[in-house]
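> here's my sequence, what's the structure:
(one chain, ligands or ions: 1)
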Amino acid sequence: MTAPNTQPRKRIAVGITGSSGSIYAMDFLKRCPHDKFVVMSKWGKAVMKDELKLDDPSAAVAPYCKKLFADSDLTAPLASGTNDIDAFVIIPASTSTIGKIASGIGDTLITRTAAVCLKERRKIILCVRETPLSTITLRQCADLSSEGVVVMPISPPLYFVPTTVEEYVQGFVNRVLHHVGVNVGSGWRSEELE
Ligand SMILES: Cc1cc2nc3c(=O)[nH]c(=O)nc-3n(C[C@H](O)[C@H](O)[C@H](O)COP(=O)(O)O)c2cc1C
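Numbers count the residues shown, from 1 in each chain. Just a heads-up that it's a prediction; the model follows:
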């Protein structure tokens, strides 16, 4: 459960790409209370269809977003630095999309939004999912990290001892929510800080 969030609403762009792990995207969309502007890549939709057994991934995410944009639509407002957003979360982030972002390619709305965030010095969170990682991807992640990008490999913590897949997924998504300013409740042994 996510604790009540009393902070002002933010604008969060969310990219969903063709890595395994659509369940993390769905959990993030459901529990992030901010205004979410969502873009799904062609392969993001295909993987979500498969992993979550959905007929229509766009229809499934629509209730949890303020607006859904097509990845092919470079005229969408996210493609321009003149529109402020508070953060861009790519969950899950494929290594292909990471490679494009690290190379400065902005030929889809997801990669263009990332290019805009880089030039405008806005927050990007990349939830990469692949294993093992090639040296190329590791170098690209290091380059992006040095530009201020938060690289968060999908790697759920087990110290809260999840007993269901839902809890296991939430353990990782809580970390992402924390990075976009959502109150996700107590941290590890947080009572010892009182
Ligand atoms: C079922 C399935 C699972 C995949 N899982 C991953 C993955 O975990 N990580 C990854 O980097 N690519 C994965 N891929 C490959 C990407 O989908 C592929 O590189 C695609 O071009 C990514 O495009 P996008 O970044 O525009 O979504 C997967 C593909 C399929 C069909």
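> for Leu138, the count of nearby residues, please.
Leu138 has 13 neighbouring residues, counting by other C-beta atoms under 10 Å. In short, each C-beta sits where N, CA and C put it, glycine included.
> what of Lys30?
Neighbour count for Lys30, taken as other C-beta under 10 Å: 13.
> shouldn't it be within a helix?
Yes - per DSSP: H, G, I helix; E, B strand; the rest coil, Lys30 lies within a helix segment.
> spit out the contact partners of the nearest residue to it once chain neighbours are set aside.
The shortest distance from Lys30 to any non-neighbouring residue, by C-beta to C-beta, 6 or more residues apart in numbering, is to Tyr64 (5.6 Å). Residues counted as contacts of Tyr64 (C-beta atoms under 8 Å, 6 or more residues apart in numbering) are Met26, Leu29, Lys30, Lys36, Val38.
> pLDDT value on Tyr64, please?
Confidence at Tyr64, expressed as pLDDT, is 98.
> ok and the residue in the protein nearest the ligand?
Proximity of the chain to the ligand (C-beta to the nearest ligand atom) peaks at Gly18, 2.6 Å away.
> tally of neighbours for that residue?
For Gly18, using other C-beta under 10 Å, the count is 21.
> hmm, it is touching Ser96, no?
Yes - here Gly18 reaches Ser96: they are 7.4 Å apart, a contact under C-beta atoms under 8 Å.
> on that earlier part again, could you flag which of the contacts of Tyr64 are buried?
Among those, those classed as buried by 16 or more other C-beta atoms under 10 Å are Met26, Leu29, Lys36, Val38.
> follow-up on the earlier one: and what about the closest residue to the residue of the chain closest to the ligand other than its chain neighbours, helix, strand or coil?
Spatial nearest neighbour of Gly18, excluding adjacent residues (C-beta to C-beta, 6+ apart): Trp43 at 2.5 Å. The three-state assignment at Trp43 reads helix, by three-state DSSP.
> what's the burial count for Val151?
Neighbours of Val151 using other C-beta under 10 Å come to 17.
> just give the nearest non-adjacent residue to it, would you?
Closest to Val151 by C-beta to C-beta, 6+ apart is Cys141, at 4.7 Å.
> and what of Leu126?
Of all residues beyond its chain neighbours, the one nearest Leu126 is Ala93 (4.5 Å), with distances taken as C-beta to C-beta, 6+ apart.
> got the contact list for the one you found?
Gly15, Thr17, Ser19, Leu126, Cys127, Val128, Arg129.
> pretty sure Ala13 sits in a strand.
Yes - assigned with three-state DSSP, Ala13 falls within a strand.
> that one reaches Ile85, doesn't it?
Yes - in this structure, Ala13 is within contact of Ile85 by C-beta under 8 Å, at 5.0 Å.
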